[in-house]
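# Using only what follows, build the 3D model:
(chains A and B, ligands or ions: 1)
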Amino acid sequence: MGVARYWRQQDQRYNLGGSKCTICNREFFPSRTMCPICHRRSLGKMEKYHFKGFGKVTSFTVVHDPAPGYRSQVPYILATIELEEGDLVLGQIVDCPPSEVEIGSDVEMVFRKLSEEGKSGTIQYGYKFRLK
Amino acid sequence: MKKLAREVAVIGIGQTKFGEHWDLSFRELGIQAGIKAILDAGIDSKRIDALFIGNMSAGQFLGQEHIASMIAEEVGLTSNQIPATRVEAADASGALAFRQGLLDIASGLHEVVVVGGAEKMSDVTSDIAAGFIAAGADQAWEALFGATLPALYAIMARRHMKEYGTTMEQLAAVSVKNHRHGKMNPFAQYQSEISLETVLKAPRVAEPLGLFDCAPISDGAAALVLCEMELAKEICPCPVRIAGTGQGSDALAITNRPSITEMRATKKASERAYERAGITPKEVDVAEVHDSFSIGEIMAIEDLGFFEKGDGGPATERNDTTFGGVIPVNTSGGLKARGHPLGATGIAQINEIVLQLRRKAEGRQVKDARVGLAHSVGGTGGTSVVHILEVV
Ligand SMILES: [Zn+2]
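The predicted model follows:
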C-alpha cells in the first residue's frame, strides 16, 4: 500500500477511531460515512468515536507461516476481538505466550509496530492487544 | 422465480493437468485447455461468439493484465474480433466467468461461448504467492495486521471447533478423503493418498491448520464450451443442462460479518441456485466444493444444506462425503488434491461435474449421477458462486 493510503487511516489504526451514528447511537469500526441501519437518514449525522480499546477474544490463530514483512514476528497470535462497544476487530495479541490465550480472554489495546517493511518500504504502526 | 430467457448447456470440457508446470507459460496452459474444450465440443471455432476468462492475479504473478485478449488470440478466436472479457472475484473468478458465459447466452446475446480459467502461480516463491493470495482478503483491516488467508480460515476453524465441537481429526479427514479421490484423477496435482497421522503431524501454517489442511500453489487452466440448449441438442450427443445459478456477496473482512462459522454468501448463493433449479439439497448426487482449507469444506457442506450446521465434521468422519456415502464431495480430489490454480478452479469443478453427469469419470464415477453442484468461494467468503447441472 502507498504511503498516503496508510496515512489516511492513521487515526483509525492508531486510536481505534471509528464513527457513531447519532440517530441510533450505534458505534462502528472501521469508520463509516453512513449508518448501515439508518441509511440515508444518518448522512451528515455520523460523529467521530474513539473505541475504548477493551474487549474479549472470540477466536484466534498462531501464525507460523507469515506474509512477507511479518517474518520477524513469527510465531504471532492473531485474534478476532469483540470490543466492549460490540464491534469485532482483527488484531495481534502481544506480550504473552500463545498458551495463555483462550477464547473469552479479556484484552486491552496497545500501540505497536505492525510491520517492518510494508510494500512501500515504510514501517507501519497501529493497534495490537495484550491480555488484561 | 422467473426462468432464464433461454436454457444453456455445457457441450465441451477441457483442462490441463494441475501442478507445478515449470515448462509451460500462462499462455500455453490457456491454449491447451481452450483447444481441448473446443475439440471436445466438436464445433468449428468460427461458431464461437464470445470468451470469458476467470483469473485472479496475472497482474501480480506475471505483471500481465488484459489477459482476455491474449488468450483469445492464442486460442485462435481473434480473427472475428469476438468479445473477450476477464472476470475477477479472487479464487471464485472461474465460477464467475462461467456464470457470465451462462447469462450471455441466456440473454439471447450469443449462441456459443467459451469460458475458461487460468492461473500461473509457480513463477514466484511460495511466500510471495501467499502475499498475492492474501490480496483476496481485506488489505486495510486484515492483511496489514499480519493476516494471511490460512490465518483467517484458522480463526474460523477455531471458532467452529468451539461452537460445534469440530475436531482436528475431522478437519484432517477432509484432506485424507480428498487425496484418496485425487488419486483417481489423472489431472490432479497430487495422485497419492495421505494418512490421518501425516495430516495431523504436519507443520502448522496457522494453528489449528497445518500444511495438509491447505490447498497447494498450482499452475493450471480449464475451459468449457457453453451453448444455447436447442442448438446444443442438434450438435452435441451429450449436452449437460445448467439448471441453476446463484451468486452471493458478503463483507470482505471476516470481522464485518455476524458469524465466522458460516458463509452467508454461500447460503444465499445456494438458495438461489436450488430455487432456480427447482430442487432441494437432497437431490444433489455429486458436488465439487471450495476446500481451499479443510474447514472450508466442512462449512460448505453445512451451508449448502447437505448436512446440519455443526455436522460437517462428523459427516466427513462417517464417510458420508465419499463414494457410497450420502453425497460424494470433491470426487476430483478438490482444491486440496486436484490443485488450486485460483482462477482455473471454478471451471475445473464444472469439468468434473460434467464428466460425472456424462458417466465418464471412470474409477471415480458416482453411480447414476443425474444432478451435480459446483461451489466456489472468493477469499474468505466475500463472494460465493453455486451452479447446479443436470443430465438432459
Ligand atoms: Zn444508525
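# next helix or strand past the helix-or-strand element of chain A with minimal mean pLDDT?
When each helix and strand of chain A is scored by mean pLDDT, DSSP states H and E, helix A:3-8 comes last, with a mean of 72. Toward the C-terminus, helix A:3-8 is succeeded by helix A:10-15 as the next helix or strand (DSSP states H and E).
# how about the following helix or strand past that following helix, does it get close to the ion?
Next along the chain after helix A:10-15, taking DSSP H and E as the criterion, comes strand A:17-21. Yes. Contact between strand A:17-21 and the ion, assessed by CB under 5 Å from the ion, occurs at A:C21. Using the backbone N, CA and C atoms, a C-beta is placed for each residue, glycine as well.
# Tell me how many other residues crowd the residue lying closest to B:T255 once chain neighbours are set aside.
If you skip the residues right next to it in sequence, B:T255 has A:L88 as its closest partner in space, 4.1 Å away by CB to CB, 6 or more residues apart in numbering or on different chains. Neighbour count for A:L88, taken as other CB atoms under 10 Å in any protein chain shown: 19.
# What's opposite A:L88 in the beta bridge?
For A:L88, the beta-bridge partners under DSSP bridges are A:E82.
# show me the contacts for it.
Residues near A:L88 by CB atoms under 8 Å, 6 or more residues apart in numbering or on different chains: A:58, A:80-82, B:255-256.
# where does chain A dip in pLDDT?
Confidence mapping of chain A against pLDDT under 70 gives the ranges A:1-3, A:117-121.
# how about the strands in the stretch 251-392 of chain B?
Using DSSP state E, counting those that start in this stretch, the strands of the stretch 251-392 of chain B run over residues B:286-288, B:371-378, B:383-391.
# Look up which residues are beta-bridged to the closest residue in space to B:A348 that isn't next to it in sequence.
Spatial nearest neighbour of B:A348, excluding adjacent residues (CB to CB, 6+ apart): B:A222 at 4.1 Å. Beta-bridge pairing of B:A222 under DSSP bridges involves B:Q15, B:G117.
# Check the contact between B:A222 and B:N351; I expect there is one.
Yes. Look at B:A222 against B:N351 with CB atoms under 8 Å: they come within range, at 5.4 Å.
# what sits in contact with each of these two?
Here B:A222 and B:N351 share the contacting residues B:13-15, scored by CB under 8 Å, 6+ apart.
# Close to chain B: what parts of chain A are there?
Taking CB under 8 Å from any CB of the partner chain, the part of chain A that reaches chain B is made up of A:1, A:5, A:9, A:13, A:30, A:58-68, A:70, A:73, A:76, A:78-80, A:87-92, A:98, A:103, A:114-115, A:118, A:124, A:126, A:128.
# Of those, just the buried ones, ChimeraX syntax please.
Here is the ChimeraX command that selects only those of the residues of chain A next to chain B that count as buried (16 or more other CB atoms under 10 Å in any protein chain shown):
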select /A:9,13,30,58,59,60,61,62,63,64,65,66,67,68,70,73,76,78,79,80,87,88,89,90,91,92,103,114,115,118,124,126,128
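# can you list the residues of chain A near the ion?
Near the ion, when you scan chain A using CB under 5 Å from the ion, you find A:21, A:23-24, A:35, A:37-38, A:42.
# before we move on, back to that, so what's the gap between the least confident helix or strand of chain A and the chain middle?
Centroid separation for helix A:3-8 versus its chain: 16 Å, with CA atoms, centre = their mean, to the nearest Å.
# And for stretch B:304-311?
In this view, stretch B:304-311 has its centroid 20 Å away from the chain centroid, taken as CA atoms, centre = their mean.
# give me phi/psi at residue 61?
I'll assume chain A. When read as degrees, to the nearest 10, the backbone of A:T61 gives phi -140, psi 160.
# hmm, back to that, can you say which of the residues of chain A next to the ion are buried?
A:21, A:35, A:38, A:42.
# ok, which residues in chain B are in contact with chain A?
So chain B meets chain A at B:127-128, B:130-131, B:134, B:139-148, B:150-151, B:154-156, B:158-159, B:162, B:203-209, B:253-256, B:260 (CB under 8 Å from any CB).
# out of the residues you listed, which are inside strands?
Within the residues of chain B next to chain A, residues falling in strands by DSSP state E are B:204-206, B:209.
# who wins for most neighbours among the residues you listed?
B:A206 (30 neighbours).
# In chain B, which residue sits nearest the ion?
Nearest residue of chain B to the ion (CB to the ion) works out as B:N256 at 15.8 Å.
# Contacts only, for that residue.
B:N256 touches A:L88, counting by CB under 8 Å, 6+ apart.
# any idea how far B:S384 is from it?
Taking CB to CB, to the nearest Å as the measure, B:N256 falls 16 Å from B:S384.
# out of everything not next to it in sequence, what's closest to A:L131?
A:C96 (5.3 Å).
# quick one: contacts for the one you found?
Contacts of A:C96 (CB under 8 Å, 6+ apart): A:77, A:130-131.
# Closest one to B:E390 out of those, please.
Using CB to CB, the shortest approach to B:E390 within these belongs to A:I77, at 47.0 Å.
# The closest one - that's part of a helix, no?
No. Counting by DSSP: H, G, I helix; E, B strand; the rest coil, A:I77 is located in no helix; its state is strand.
# which residue sits closest to it in space, ignoring its chain neighbours?
A:I77 sits nearest to A:I93 (CB to CB, 6+ apart), 4.2 Å away.
# now swap in B:A277 and tell me
B:A277 sits nearest to B:G244 (CB to CB, 6+ apart), 3.1 Å away.
# residue contacts, A:R41?
Contact analysis of A:R41 by CB under 8 Å, 6+ apart lists A:23, A:35.
# looking at this, it is in a helix?
Yes. The assignment for A:R41 is a helix, going by three-state DSSP.
# Chain A versus the residue most central in space within chain B, what's the distance?
Chain B has B:G346 as the residue nearest its centroid, 3.0 Å off, counting by CA atoms, centre = their mean. According to CB to the nearest CB, to the nearest Å, B:G346 and chain A sit 25 Å apart.
# Identify the residues contacting that residue.
Counting by CB under 8 Å, 6+ apart, B:G346 has contacts B:54, B:91-98, B:117, B:374, B:376, B:385.
# Tell me the one among these nearest to chain A.
Comparing the contacts of B:G346 against chain A with CB to the nearest CB places B:D91 closest, at 16.6 Å.
# Report how many residues lie close to that closest one.
Residues contacting B:D91 under the criterion other CB under 10 Å number 30.
# Could you give the backbone dihedrals for it?
Per degrees, to the nearest 10, the backbone of B:D91 is at phi -90, psi 10.
# Kindly report the same for the one 3 residues further on.
When read as degrees, to the nearest 10, the backbone of B:G94 gives phi -60, psi -50.
# burial measure for it, as a count.
For B:G94, using other CB under 10 Å, the count is 37.
# thought it was touching B:H340?
No. The pair B:G94 / B:H340 is not scored as a contact, 10.6 Å apart, by CB under 8 Å.
# Determine the set of other helices and strands touching the strand or helix carrying A:T80.
Assigned by DSSP H and E, A:T80 belongs to strand A:76-83. With contacts taken as 3 or more CB pairs under 8 Å, 6 or more residues apart in numbering or on different chains; DSSP states H and E, strand A:76-83 sits against strand A:54-63, strand A:88-94, helix B:149-164.
# Just the angle for the shortest one relative to strand A:76-83, thanks.
Translated: strand A:88-94. Orientation of strand A:88-94 against strand A:76-83 (axes from the mean of the first three to the mean of the last three CA atoms, to 10 degrees) gives an angle of 140 degrees.
# still on that earlier bit, mind putting the contacts of B:G346 into CSV with pLDDT and distance to B:I35?
Listed next are those as CSV, based on pLDDT from 0 to 100; distance: CB to CB, whole Å:
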residue, pLDDT, distance to B:I35
B:G54, 97, 18
B:D91, 97, 24
B:A92, 98, 25
B:S93, 98, 21
B:G94, 98, 18
B:A95, 98, 22
B:L96, 98, 23
B:A97, 98, 18
B:F98, 98, 18
B:G117, 97, 15
B:A374, 99, 23
B:S376, 98, 24
B:V385, 98, 25
